[in-house]
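S.K.: Here is a sequence with its predicted model. Questions after.
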Amino acid sequence: MTLQKKLRLFKIFPVFLMVFVWASFIAKPLVWGAKPKVQNIKKEAFGQVDRLSDQLTRTASQIWEFNEIALEEYKSSQLLAQLLKDQGFKIEFGTGGLPVAFVATYGQGQPVIGILGEFDALPGLSQKAGIATKDAVTPGAPGHGCGHNLFGAASAGAAIAVKAMMQQYRLKGTIKFFGCPAEETVEGKIYMIRDGAFAGLDVCLDWHPSDKNEVSLKTSNALNNFEVIYHGKTSHAAGDPWNGRSALDAVELMNHGVNYLREHVRPTVRMHYVIPGGGMAPNIVPDYAKVWYYVRGKDRVEVEEVYARVLKIAEGAALMTETTHQVHVITGVYNYLKNKVVAAVLYQNLQLVGPPAFTPEEQALARQLQHNLGNKEEGLSTKIEPFAAPEEYIGGSTDAADISWLVPTASLNVACCPLEIPWHGWGVVSCSNSSVGFKGMINAAKILSGAAIDFLLDPKKIREAQKEFKEKTRDFVYKCAIPGDQKPRTGGKKFGVVE
Ligand SMILES: [Zn+2]
């Protein structure tokens, strides 16, 4: 090579270098899309939730006003579905044979992230919003005493924010919002599961309004919810009682037997009943009576063991009274199997978003509510509870638990109500349509969207969640508690509260 050539190469080298730098660091990201940081995408998703804030608040407020109880959530489900449809989600109604259940889907392929939404009210809890004294809007009417109006709206908001980020950043995967009716009677999701609605999910995100900001590993109780119906013979209770066979006697003897059984079950078992049908008048020997039971335990095995013993007692009562009886299983659920990996992702996002920032006026309302309800005047929680909560729990049951045995699932709590006030009570109804509840709802939407984005962008996290899930469910076969051919009730009949 001549000296001249060498010099020419030396001169054009900086040009090569510049072209290389331009192609690698400027042009390529412009053409192919820069890989933005997860934190930036989440920040944008949270901004999206803020922009949706008014719409989500209106939605939650309308669902609060609809006050539709389990299986009757026609307007509530329609409102949420419309909100999602307007944002480009594909809507499928009638999941599991329930006219008020739906699935809203955006995107395609894996990973598939599910977010649960609920929207049913509770019977008899009507209460005016945003006040600290007990005052019904319509005495005896239903009310949102579990905050499910906030639940559904926050989850829909999260799904919409995630969808916006998927669109903006061309993120691969699918986001599914599950419109789950009838949680308060723990049956909606059971039919949806039987329909295969949750099949193919990689992870599932759940939340619930609460008095605390928390991601706990606490489980819930497994449950069998059933009725025993007795048929006897009427007669004049004074004139010819020897001709009568009392169905009510059978119910009373059954309950008596169960109350003796209490001494001989484990401390984790809970059995409770009401008598929705006990005869028409004292002078008619009742030929029809109905008792409605919940048998709860720490898991399905414990529930099934005790349930079998209760059925023997039911049969014994029929024998004693010469009546006949039928057992009708309304629903049954598993205990909640919390996935630690999913829970940890929710917890990191709870820390990122933080607790709701309540104003002094909101704290004052909370303390007044606590005062009037006889609770400690501690106001609203402004802290995040520690992550490592115990895994044992004695208390309610939920149909979300069954999903947790099929898909890695965990649940978040966000403060939407004053600390320690009675749940399923008028105080919760009051807060659920006030700025207190709405603030919790917005934070929940952000946290859920943040967690969904983490899973969409990091397949390793999904693999970890599934590894834990597989280990915990080794040899497990899901058994639906309702008979295979049982059709869901479709509203009209009010069975009340289970949770
Ligand atoms: Zn609830």
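M.R.: On my side now, so go ahead. Keep in mind that what you see is a predicted model, and the values were worked out from it rather than measured.
S.K.: The stretch 51-200 of the chain: strands as residue ranges?
M.R.: For the stretch 51-200 of the chain, the strands defined by DSSP state E, counting those that start in this stretch cover 90-93, 102-108, 112-118, 173-180.
S.K.: Now render those strands as TSV, adding mean neighbour count.
M.R.: For every residue, glycine as well, the C-beta is placed using N, CA and C. As requested, these are exported to TSV (neighbours: other C-beta atoms under 10 Å):
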stretch	mean neighbour count
strand 90-93	14
strand 102-108	21
strand 112-118	26
strand 173-180	26
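S.K.: Which among those strands is found nearest to I190?
M.R.: strand 173-180 (10.2 Å; C-beta to C-beta).
S.K.: Would you mind saying which of the strands of the stretch 51-200 of the chain lies nearest K470?
M.R.: So among the strands of the stretch 51-200 of the chain, strand 112-118 is nearest, using C-beta to C-beta, at 17.0 Å.
S.K.: Can I get the strands of the stretch 51-200 of the chain in CSV including mean pLDDT and distance to K42?
M.R.: Listed next are those as CSV, based on pLDDT from 0 to 100; distance: least, C-beta to C-beta, whole Å:
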stretch, mean pLDDT, distance to K42
strand 90-93, 97, 25
strand 102-108, 98, 18
strand 112-118, 98, 14
strand 173-180, 98, 15
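S.K.: now the ones you listed in TSV, with distance to T57?
M.R.: Listed next are these as TSV, based on distance: least, C-beta to C-beta, whole Å:
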stretch	distance to T57
strand 90-93	22
strand 102-108	20
strand 112-118	16
strand 173-180	18
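S.K.: Which of these sits closest to D206?
M.R.: D206 lies closest to strand 112-118 among the strands of the stretch 51-200 of the chain, at 4.7 Å (C-beta to C-beta).
S.K.: quick check: angle from that closest one to strand 102-108?
M.R.: Strand 112-118 runs at 160 degrees relative to strand 102-108, counting by axes from the mean of the first three to the mean of the last three C-alpha atoms, to 10 degrees.
S.K.: helices and strands around strand 112-118, which ones?
M.R.: With contacts defined as 3 or more C-beta pairs under 8 Å, 6 or more residues apart in numbering; DSSP states H and E, the packing partners of strand 112-118 are helix 148-169, strand 173-180, strand 203-210, helix 435-457.
S.K.: looking at the protein, which helix or strand is least sure?
M.R.: Lowest on mean pLDDT, DSSP states H and E among the helices and strands of the chain sits helix 28-32, with a mean of 47.
S.K.: ok, which stretches of the stretch 251-400 of the chain are strands?
M.R.: Assigned by DSSP E, counting those that start in this stretch, the strands in the stretch 251-400 of the chain fall at 270-277, 288-297, 324-333.
S.K.: Just to be sure, L412 is in a helix?
M.R.: No. The assignment for L412, made by DSSP: H, G, I helix; E, B strand; the rest coil, is strand rather than a helix.
S.K.: quick one: average confidence on stretch 251-267?
M.R.: Taken as a whole, stretch 251-267 has an average pLDDT of 98.
S.K.: Likewise for stretch 62-77?
M.R.: Mean predicted lDDT for stretch 62-77 stands at 97.
S.K.: What of stretch 157-164?
M.R.: For stretch 157-164, mean pLDDT is 98.
S.K.: distance between it and the chain's centre?
M.R.: 18 Å (C-alpha atoms, centre = their mean, to the nearest Å).
S.K.: Show residues contacting that stretch.
M.R.: Residues from elsewhere that reach stretch 157-164 (C-beta atoms under 8 Å, 6 or more residues apart in numbering): 44-46, 48-49, 52, 56, 83-84, 87-89, 104, 106-107, 113, 115, 175-177, 205, 441-442, 444-449, 452-453, 456.
S.K.: Drop anything exposed from those residues.
M.R.: With burial judged by 16 or more other C-beta atoms under 10 Å, the buried subset of those is 44-46, 48-49, 52, 56, 83-84, 87, 89, 104, 106-107, 113, 115, 175-177, 205, 441-442, 444-449, 452-453, 456.
S.K.: Settle this for me: E362 is touching F438, isn't it.
M.R.: No. With contact defined as C-beta atoms under 8 Å, E362 and F438 do not form a contacting pair (10.3 Å).
S.K.: who has more neighbours, those two?
M.R.: When neighbours are counted by other C-beta atoms under 10 Å, F438 comes out ahead of the other of E362 and F438, with 24 against 20.
S.K.: For the more buried one, which non-adjacent residue is spatially closest?
M.R.: Nearest non-adjacent residue to F438, counting by C-beta to C-beta, 6 or more residues apart in numbering: T57, 4.9 Å away.
S.K.: How confident is the prediction for that neighbour, by pLDDT?
M.R.: Here the pLDDT value assigned to T57 is 98.
S.K.: Quick check: chain neighbours aside, which residue is closest to W242?
M.R.: Distances taken as C-beta to C-beta, 6+ apart put S235 closest to W242, at 7.7 Å, once the chain neighbours are dropped.
S.K.: which SS class is K487?
M.R.: K487 falls in the coil class when you classify it by three-state DSSP.
S.K.: looking at the strands of the stretch 51-200 of the chain, which is closest to C431?
M.R.: Using C-beta to C-beta, those put strand 112-118 closest to C431, at 16.9 Å.
S.K.: Who does that closest one pair with, and is each partner parallel or antiparallel?
M.R.: strand 173-180 (parallel), strand 203-210 (parallel) (DSSP bridges).
S.K.: Turn these into JSON lines, columns for distance to L125.
M.R.: Formatted as JSON lines, these follow (distance: least, C-beta to C-beta, whole Å):
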{"stretch": "strand 173-180", "distance to L125": "20"}
{"stretch": "strand 203-210", "distance to L125": "14"}
